[in-house]
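In: here's a sequence, model it:
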Amino acid sequence: MPDIAIAQTFIKKMTSVEESYLRAVDAKRREARRAWLDIVTRDGVSRAAVGQMQAEVQALRREIVGLGREAGREIRRTVGNYTRKQIDMAKRAGLATVETIQLETSNSGIQREGEEAFLTSSPVWLDTLESNLDVVAARLRLAGADEAAILARLVNEGVGDGRASLWRTTGNAAQLEETRDVWTYATGLIAAYLTTMNQLVTSAEYKKQAIATIDERTTDCCLKVHGQIQPLEKDFRLTGTPRFADKVPDPPFHWYCRTTEVLYNEKFEEFGITTEKMRDAANAELDARATTGTRETIYPSHATARRG
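Out: Alright, predicted model coming up:
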């Protein structure tokens, strides 16, 4: 399996993990909203009722942390399979060394690095939801709003008076934040793997290559870095927007970045999809956007994960 195919498989699996996790988070959010509605139906939007709603957010926080633990385990399994396939490919290409075997045996330890950061962190969107419940309700009371107006501003799903409710805005933030955290955690594990590879491999055989997910969400920055090859210890050079900096050692290259990186050797070019074809795929997308002024997506057969 050529390296690009390994990356395609990884990105598709990670996309599935991301979507499953977001669905689970949204389901728990909706359970909390139903509990809120039960509270206000019974007690109105009094200060005591708002306190009960905040208690439901605390319960939701515990549920989300539990979901994060499950997602984190799945991400570590996915990254572990990804890195092992890269080492297997190096063996098939006759590039396996004592160092790569050592890396394979140490891989399980790499997967545990940074575990706590993803699994037990408190999402900012939940902090905002809990702290703003009382603030929004109190402000509306002072403004003379009736209970129906206060309730709408807290829990409405739509945008009634042109203003989104607290529940809706934090829901949007939840989707963005959790998507970012899933991919940042995964790419952080991969960066740890490449760092260890760099420490173990004494020859100059291996490099790293950036692999973007080419779809309607892909940024210009990631399209332009797709296929770029750098020594393991060097930075990727970035152009286009958005980007954290002009030089970044490993993905993510910007917030909500889904680009990954793979182990690279010139012999891998013989296995199928070449760096030139990867650049052609990215350039086709960039050209289409320049022509149409939109993010119309081109899906060549060698593009990475397709999103419907």
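In: so what does the helix or strand containing Glu177 touch, helix or strand wise?
Out: Under the criterion of DSSP states H and E, Glu177 resides in helix 166-200. Packing partners of helix 166-200 (3 or more CB pairs under 8 Å, 6 or more residues apart in numbering; DSSP states H and E): helix 3-43, helix 47-92, helix 98-111, helix 115-119, helix 124-142, helix 147-155, strand 260-264. C-beta here means a position set from N, CA and C on the backbone, and glycine is covered the same way.
In: counting contacts, what elements does the next helix or strand after it pack onto?
Out: Later in the chain than helix 166-200, the nearest helix or strand by DSSP H and E is strand 207-211. With contacts taken as 3+ CB pairs under 8 Å, 6+ apart, strand 207-211 sits against helix 3-43, strand 229-231, strand 260-264.
In: just the CA trace of the next helix or strand after the last one, in PDB.
Out: Of the helices and strands lying after strand 260-264 in sequence (DSSP H and E), the nearest is helix 275-292. Taking C-alpha atoms only, helix 275-292 is exported to PDB below (Å, rounded to 0.1, in the frame of the first residue of the first chain):
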ATOM      1  CA  THR A 275       4.100  13.500  -5.100                       C
ATOM      2  CA  GLU A 276       3.500  15.100  -8.600                       C
ATOM      3  CA  LYS A 277       0.000  13.600  -8.700                       C
ATOM      4  CA  MET A 278      -0.700  14.800  -5.200                       C
ATOM      5  CA  ARG A 279       0.300  18.300  -6.200                       C
ATOM      6  CA  ASP A 280      -1.800  18.000  -9.400                       C
ATOM      7  CA  ALA A 281      -4.900  17.200  -7.200                       C
ATOM      8  CA  ALA A 282      -4.300  20.200  -4.900                       C
ATOM      9  CA  ASN A 283      -3.700  22.500  -7.800                       C
ATOM     10  CA  ALA A 284      -6.800  21.400  -9.600                       C
ATOM     11  CA  GLU A 285      -8.800  22.400  -6.500                       C
ATOM     12  CA  LEU A 286      -7.000  25.700  -6.200                       C
ATOM     13  CA  ASP A 287      -7.600  26.400 -10.000                       C
ATOM     14  CA  ALA A 288     -11.300  25.600  -9.700                       C
ATOM     15  CA  ARG A 289     -11.700  28.000  -6.800                       C
ATOM     16  CA  ALA A 290      -9.900  30.800  -8.600                       C
ATOM     17  CA  THR A 291     -12.100  30.200 -11.700                       C
ATOM     18  CA  THR A 292     -15.500  29.900  -9.900                       C
END
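In: so where is the protein shaky, pLDDT-wise?
Out: Residues of the chain that meet the criterion pLDDT under 70 lie in 1-3, 96-122, 158-162, 201-204, 272, 293-308.
In: try 50
Out: Within the chain, the stretches with pLDDT under 50 are 1, 296-308.
In: ok, now which ones touch Asp43?
Out: Residues in contact with Asp43 (CB atoms under 8 Å, 6 or more residues apart in numbering) are 49, 52.
In: could you measure it against Gln58, distance?
Out: Relative to Gln58, Asp43 is positioned 18 Å away (CB to CB, to the nearest Å).
In: could you do Ala27 as well?
Out: Remark: distance between Ala27 and Gln58 (CB to CB) = 18 Å.
In: end-to-end on stretch 132-150?
Out: End-to-end distance of stretch 132-150 (CA to CA, to the nearest Å): 13 Å.
In: surely Gly240 forms part of a helix?
Out: No: with DSSP: H, G, I helix; E, B strand; the rest coil as the criterion, Gly240 is assigned coil and is not in a helix.
In: that one: neighbouring residues, count only.
Out: 15 (other CB atoms under 10 Å).
In: confirm for me that it is in contact with Ala212.
Out: No: at 11.0 Å, Gly240 and Ala212 do not qualify as touching, with contact defined as CB atoms under 8 Å.
In: so what sits against both of these two?
Out: What both Gly240 and Ala212 touch, as defined by CB under 8 Å, 6+ apart, is the set 222-223, 225.
In: centre of the chain to stretch 279-296, how far?
Out: With CA atoms, centre = their mean, to the nearest Å as the basis, stretch 279-296 stands 23 Å off its chain's centre.
In: equivalent analysis for stretch 144-158, please.
Out: Offset of stretch 144-158 from its chain centre (CA atoms, centre = their mean): 33 Å.
In: sweet, I'm off.
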